[in-house]
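[1] No sequence on hand, only this structure:
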């Protein structure tokens, strides 16, 4: 077992969140999110105020999205061990993770395109800004199926010490529930279900961040336990 590689994969999701916080939120200034009611002139003023910082921050954010791949791959590997010869839910989780990466990469590049020419007409910048925010917050479908798949497989783990404890399976179902309101943000420009509202943004954001930490800790413990079991089962020299 290559324990070090697995541990890196386990914590790559947390590293992703840290890089996102530094690049997308702090350097680019996208947190708190733009209000859906912003005018073209207000959006244009945002991008013209500090375009270099916005561009650099988005580069960091774009690079961070790569870390979702090893993080998700490790979850899939552990799910495969549980599910057996017909791992439909394991591959569902992996495919959902790939879709989630796209929901980050596309908005990041859209924002980069907006910041690339901040002298565009305000209405065009408003359109492109909307085209980034709506999929970034609203494309929840790939993400919420992943924790559902993890929960299903986790509940079927009949080992004495399951890799995903029962409470973690229920937690994953709760995570999926909290992100679902994001899919209706296109219906609201103000209020709790808007893309900057309580249910449209803030609860899913907290939910998303905590999930990475919880899953990283669970995988860290599980991998360490597997390594110890493998070492104890190895024949003495």
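    Cool, the structure landed. This structure is a prediction, so every number in the text was calculated from the model and none was measured.

[2] CA only for contacts and neighbour counts going forward, please
    Fine.

[3] What is the neighbour count of residue 206?
    12 (other C-alpha atoms under 10 Å).

[4] Correct me if wrong: residue 138 contacts residue 179.
    No - in this structure residue 138 lies outside contact range of residue 179 using C-alpha atoms under 8 Å: 9.2 Å.

[5] neighbour count winner among those two?
    residue 179 (25 against 21).

[6] which element is the spatially closest residue to that one that is not a sequence neighbour on?
    Closest residue to residue 179 apart from its sequence neighbours, by C-alpha to C-alpha, 6 or more residues apart in numbering: residue 204 at 5.0 Å. Element membership for residue 204 (DSSP states H and E) is helix 203-233.

[7] Could you pull out the buried residues of that helix?
    By neighbour count with 16 or more other C-alpha atoms under 10 Å, helix 203-233 contains the buried residues 204-205, 207-208, 211-213, 215-220, 222-223.

[8] Ok, stretch 127-138 next?
    128-130, 132-138.

[9] what stretches of the protein score poorly on pLDDT?
    1, 234-237 (pLDDT under 70).

[10] Going along the chain, name the helices of it.
    3-20, 40-49, 51-64, 68-83, 88-116, 122-138, 141-155, 166-179, 203-233 (DSSP state H).

[11] so which of those helices gets nearest residue 195?
    Residue 195 lies closest to helix 122-138 among the helices of the chain, at 6.4 Å (C-alpha to C-alpha).

[12] Can you give me every residue that contacts the residue nearest to residue 179?
    178-179, 182 (C-alpha atoms under 8 Å, 6 or more residues apart in numbering).

[13] try 10 Å this time
    137, 140, 175-182, 198, 210 (C-alpha atoms under 10 Å, 6 or more residues apart in numbering).

[14] That one and residue 114, how far apart?
    25 Å (C-alpha to C-alpha, to the nearest Å).
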